[in-house]
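Colleague: sequence below, structure please.
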Amino acid sequence: MKTFLLVTLACGVTYLCPCLRADEEITQPKDDEYHTTVELIEKDSGKVMVTLHSASDTELFDPSESVLVWSADSKSVAYGFQDSPPGVRVVSRGAVVCFWNGSGFDKGFLPENLPVPETKFPNKKGGYEKSYGGGVKPLRWSKSGDLELSSEDEVMLRGKTYTGVLQFTISFDAQHHASVKEIGKTKTEVSK
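Modeller: Sure thing, here's the model as predicted:
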């Protein structure tokens, strides 16, 4: 069985993603000090198997919000990340899906129009809502090879933050083409 490392580099610093398995280690190859790069690296050879995320100096990358989700057979991996433009409190969440091809990982594509939560406001009072971002985050792979994700949308209305959260499932065919399989119901969380 091959063992892989997840390496996150930002300004010459390596961050340990809290989702790593116990048998994985972190190494630090050279990196451009102004760009954050997340790579999946084969432990024994040091070969970069796939670049999961690369942020430019115009994005702020938050490694504490990263998640790596492996399928039970270790032939599929989903990586979720969060970044945002500097000086702006808008958060963007994204996900990358990769599949083992026998010698490395190929990136797959998620459907273009992923489900978005319908955030609910009290007494049907909408109006001027200020968006603070959102996006998708991988949660888990099922035994059948489907991927469960969470879609979030965060807005502010009258001094309160409303976060709509929606879980959904994506299935993949033999060529790794994705389609939305199941969509749950939106749950709205409110905080001050």
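
Colleague: who's in contact with the nearest residue to Lys192 once chain neighbours are set aside?
Modeller: Closest residue to Lys192 apart from its sequence neighbours, by C-beta to C-beta, 6 or more residues apart in numbering: Lys160 at 5.7 Å. (C-beta placed from N, C-alpha, C; glycine too.) Contacts for Lys160 (C-beta atoms under 8 Å, 6 or more residues apart in numbering) come out as 190-192.

Colleague: can you check Leu166 too?
Modeller: Neighbours of Leu166 in contact, by C-beta under 8 Å, 6+ apart: 115-118, 150-152, 183-187.

Colleague: quick check: bridge partners of it?
Modeller: The partner list for Leu166 in beta bridges (DSSP bridges) reads Ser151.

Colleague: same thing with Val97?
Modeller: Ala78, Gly108.

Colleague: what number of residues lie near it?
Modeller: 24 (other C-beta atoms under 10 Å).

Colleague: cool, the one 4 residues further on as well?
Modeller: When counting by other C-beta under 10 Å, one arrives at 10 neighbours for Asn101.

Colleague: now the one 10 residues further on
Modeller: Residues near Pro111, counting by other C-beta under 10 Å, number 11.

Colleague: ok, and the closest non-adjacent residue to it?
Modeller: Nearest to Pro111 is Ala178, by C-beta to C-beta, 6+ apart, at 5.3 Å.

Colleague: so in this structure, where's the weakest helix or strand by average pLDDT?
Modeller: strand 13-15 (a mean of 34; mean pLDDT, DSSP states H and E).

Colleague: could you point out which element follows it?
Modeller: strand 36-42 (DSSP states H and E).

Colleague: what comes up buried for that next one?
Modeller: 36-41 (16 or more other C-beta atoms under 10 Å).

Colleague: same question, stretch 172-183
Modeller: Here stretch 172-183 shows 172, 176, 178 as buried, counting by 16+ other C-beta under 10 Å.

Colleague: show me the contacts for Val97.
Modeller: 76-79, 107-110, 138, 147, 176, 178.

Colleague: kindly recompute the last result at 7 Å.
Modeller: Residues in contact with Val97 (C-beta atoms under 7 Å, 6 or more residues apart in numbering) are 78, 108, 110, 147.

Colleague: returning to what we had before: from Lys187, how far out is the residue nearest to Lys192?
Modeller: Distance from Lys160 to Lys187, counting by C-beta to C-beta, to the nearest Å: 16 Å.

Colleague: and what about the residue lying closest to Glu152 once chain neighbours are set aside, helix, strand or coil?
Modeller: Among residues not flanking Glu152 along the chain, Gly134 sits closest, at 4.8 Å (C-beta to C-beta, 6+ apart). Here Gly134 is strand, with the state taken from DSSP: H, G, I helix; E, B strand; the rest coil.

Colleague: I am finished for the moment; much appreciated.
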